[in-house]
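S.K.: Below is the structure, and that's it, no one-letter string:
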């Protein structure tokens, strides 16, 4: 890494411009937090202490939190001005991902409910293939 | 730069004095443009996976009288897979740090560890798939299993491709040293590898943990 490159305005995703110690520390913190969140996820999924209907939502929230940890500490996506392009691309990606997933799940669930003249036909559990 | 000497630049609508400060230097250096382009690819890959997740969520109940999620999945195996891939992602970051400082021995060591942990992950996944298919729970059994094998198998294929890429990178670093374009490729690989771990977080949560809730 030359000095010229250190002075460029933008920064590539996954790259950081710090000392050896702080770079390593970022990964160590990220690993610690990710392990913690993974552990909590597995604990939440197997305990009977929590209100059962809320567990699935809680797991999704934990997963999104862990993805955020990965983005910040491993991919070094920050809110700094040199990261604006990376963040904008990420925001657009997240928008499309949510549109596709929530849109599909929402529409398919309603089709299953609304188009049910003969339950045998529309119940996906009964469909072959 | 005065108005008289200005080059006939198409699309350049403002003069130097009005320059906003970001465009006048020309395109960014390759060390920015290449990883950024790769970042866009990775994000589009995540869009691909979102479609697979959506079809899985739609079809997860369509078991056709066959085995269901809670009968098939083993949480202990998934926990080992998760730890292996997470530590692999972490070690890949360490490899990048040592590579930027041109430390050959440590870079190769961390990359090798990255690959071995990836291999542990992949072996467990292949073992899991093999057991399921042997039990008659292959992709042709039900729509749920088709969606499951497509989603998790697609991630597995990405990991396989990543391992091949990793092997290539280790050979290139050994043969060519820490040249600028080699470091750039390694950075792209690390983006790819971290992204696979992010997708795995979604898979182990949505497919395995929520699938095996009591």
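M.R.: Arrived safely, thanks for sending. Small disclaimer: the values here were computed from a predicted structure and weren't measured.
S.K.: Can you read off the pLDDT for residue A:121?
M.R.: At residue A:121, the model reports a pLDDT of 54.
S.K.: mind checking the SS state of the closest residue to residue B:110 other than its chain neighbours?
M.R.: Nearest residue to residue B:110, sequence neighbours excluded (C-beta to C-beta, 6 or more residues apart in numbering or on different chains): residue B:95, at 3.6 Å. C-beta: built from backbone N, CA, C; applies to glycine. Three-state assignment for residue B:95 (DSSP: H, G, I helix; E, B strand; the rest coil): helix.
S.K.: Tell me, how many residues neighbour residue B:95?
M.R.: Residues near residue B:95, counting by other C-beta atoms under 10 Å in any protein chain shown, number 27.
S.K.: Same check on the one 3 residues further on?
M.R.: Using other C-beta under 10 Å, residue B:98 is surrounded by 20 other residues.
S.K.: Just the element for it, please.
M.R.: helix B:75-100 (DSSP states H and E).
S.K.: in the lengthiest helix in chain A, what counts as buried?
M.R.: Counting by DSSP state H, the longest helix found in chain A is helix A:84-114. Using 16 or more other C-beta atoms under 10 Å in any protein chain shown as the test for burial, helix A:84-114 gives A:85, A:86, A:89, A:90, A:93, A:97, A:100, A:101, A:104, A:108.
S.K.: Return the distance of stretch B:199-214 from the chain's centre.
M.R.: 18 Å (C-alpha atoms, centre = their mean, to the nearest Å).
S.K.: where do the helices sit along chain A?
M.R.: A:3-6, A:20-46, A:52-69, A:84-114, A:119-122.
S.K.: what about the third one, near chain B?
M.R.: In this case it means helix A:52-69. Yes: contact between helix A:52-69 and chain B, assessed by C-beta under 8 Å from any C-beta of the partner chain, occurs at A:52, A:55, A:56, A:59, A:60, A:62, A:63, A:66, A:67.
S.K.: what's the distance between that helix and the middle of its chain?
M.R.: 10 Å.
S.K.: Give the burial count for the closest residue to residue B:192 other than its chain neighbours, as a bare number.
M.R.: Distances taken as C-beta to C-beta, 6+ apart put residue B:162 closest to residue B:192, at 5.9 Å, once the chain neighbours are dropped. Each residue near residue B:162 was counted by other C-beta under 10 Å, and the total is 21.
S.K.: tell me the angle the helix or strand hosting residue B:162 makes with helix B:75-100.
M.R.: Assigned by DSSP H and E, residue B:162 falls within helix B:143-176. Calculated by axes from the mean of the first three to the mean of the last three C-alpha atoms, to 10 degrees, helix B:143-176 forms an angle of 30 degrees with helix B:75-100.
S.K.: need the helix or strand of chain B with the lowest average pLDDT.
M.R.: Ranked by mean pLDDT, DSSP states H and E, the helix or strand of chain B with the weakest confidence is helix B:69-72, at a mean of 88.
S.K.: Among the residues of helix A:52-69 next to chain B, which one has the most neighbours?
M.R.: residue A:66 (25 neighbours).
S.K.: Counting neighbours, what do you get for the nearest residue to that residue once chain neighbours are set aside?
M.R.: In space, residue A:66 comes closest to residue A:37 once its chain neighbours are excluded; the distance is 4.3 Å by C-beta to C-beta, 6+ apart. Number of residues near residue A:37 (other C-beta under 10 Å) recorded here: 20.
S.K.: Could you pull up the residues touching residue A:37?
M.R.: Going by C-beta atoms under 8 Å, 6 or more residues apart in numbering or on different chains, residue A:37 touches A:62, A:65, A:66, A:69.
S.K.: and with 6 Å instead?
M.R.: A:62, A:65, A:66 (C-beta atoms under 6 Å, 6 or more residues apart in numbering or on different chains).
S.K.: of the residues you listed, closest to residue B:86?
M.R.: residue A:66 (9.2 Å; C-beta to C-beta).
S.K.: who in chain A is up against chain B?
M.R.: A:1, A:5, A:10, A:12-14, A:23, A:27, A:31, A:34, A:38, A:45, A:55-56, A:59, A:63, A:66-67, A:70, A:74-75, A:89, A:93, A:96-97, A:100-101, A:104-105, A:108, A:124-125, A:127-128 (C-beta under 6 Å from any C-beta of the partner chain).
S.K.: count of neighbours near the residue lying closest to residue B:93 once chain neighbours are set aside?
M.R.: Sequence neighbours aside, residue A:27 is the residue nearest to residue B:93 in space, at 4.3 Å (criterion: C-beta to C-beta, 6+ apart). Here the number of neighbours of residue A:27 (other C-beta under 10 Å) works out to 21.
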